[in-house]
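Chemist: Build me a structure from this.
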Amino acid sequence: MKFINYLENITGVDVYAMTSFLIFFGFFIVMTLWALRADKKLIDVLSNLPLDNDNNN
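Modeler: Below is the predicted model of the structure:
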């Protein structure tokens, strides 16, 4: 029996799929808006973090 057959037997399984899609889509929209509205200096600092060789531990 294939996995899809198990999913067809679960009542309300479409609710889980729609909920996970809406969570993902909402997160994507929020992060897109944050990236567009973020301060450009902050974006430059964050983009250079992996290249920063300062050891300020």
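
Chemist: where does residue 11 fall, phi/psi-wise?
Modeler: Per-residue torsions, residue 11: phi -70, psi 130 (degrees, to the nearest 10).

Chemist: burial of it, as a residue count?
Modeler: For residue 11, the number of neighbouring residues by other Cβ atoms under 10 Å comes to 6. The C-beta positions use only the backbone N, C-alpha and C, and glycine is treated the same way.

Chemist: go on, residue 47?
Modeler: Residue 47 has 9 nearby residues by other Cβ under 10 Å.

Chemist: cool, residue 36 as well?
Modeler: Residues near residue 36, counting by other Cβ under 10 Å: 7.

Chemist: how about it, secondary structure?
Modeler: The three-state label given to residue 36 by DSSP: H, G, I helix; E, B strand; the rest coil is helix.

Chemist: And the helices in this protein?
Modeler: With DSSP state H as the criterion, the chain has helices at 3-8, 13-37, 40-48.

Chemist: Rebuild those as a markdown table, extending it with mean pLDDT.
Modeler: As requested, these are exported to a markdown table (pLDDT from 0 to 100):
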| stretch | mean pLDDT |
| --- | --- |
| helix 3-8 | 74 |
| helix 13-37 | 93 |
| helix 40-48 | 88 |
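
Chemist: and stretch 16-34, how far out from the chain's middle?
Modeler: 7 Å (Cα atoms, centre = their mean, to the nearest Å).

Chemist: contacts for that stretch?
Modeler: With contact meaning Cβ atoms under 8 Å, 6 or more residues apart in numbering, stretch 16-34 is reached by no other residue.

Chemist: List the buried residues in that stretch.
Modeler: Neighbour counts over stretch 16-34 (16 or more other Cβ atoms under 10 Å) mark no residue as buried.

Chemist: Which pLDDT value does the model give residue 1?
Modeler: If you check residue 1, the pLDDT there is 63.

Chemist: Give me the contacts around stretch 37-49.
Modeler: Contacts for stretch 37-49 (Cβ under 8 Å, 6+ apart): residue 35.

Chemist: CA-only coordinates of that stretch, as CSV, when you get a sec.
Modeler: The C-alpha coordinates for stretch 37-49 follow below in CSV (Å, rounded to 0.1, in the frame of the first residue of the first chain):
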residue,chain,number,x,y,z
ARG,A,37,12.0,47.6,4.6
ALA,A,38,15.2,46.8,6.5
ASP,A,39,17.9,49.4,6.9
LYS,A,40,20.6,49.0,4.1
LYS,A,41,23.4,49.4,6.7
LEU,A,42,22.0,46.5,8.7
ILE,A,43,21.9,44.3,5.5
ASP,A,44,25.5,45.2,4.8
VAL,A,45,26.6,44.3,8.3
LEU,A,46,24.7,41.0,8.2
SER,A,47,26.0,40.1,4.8
ASN,A,48,29.6,40.6,5.9
LEU,A,49,29.3,38.6,9.1
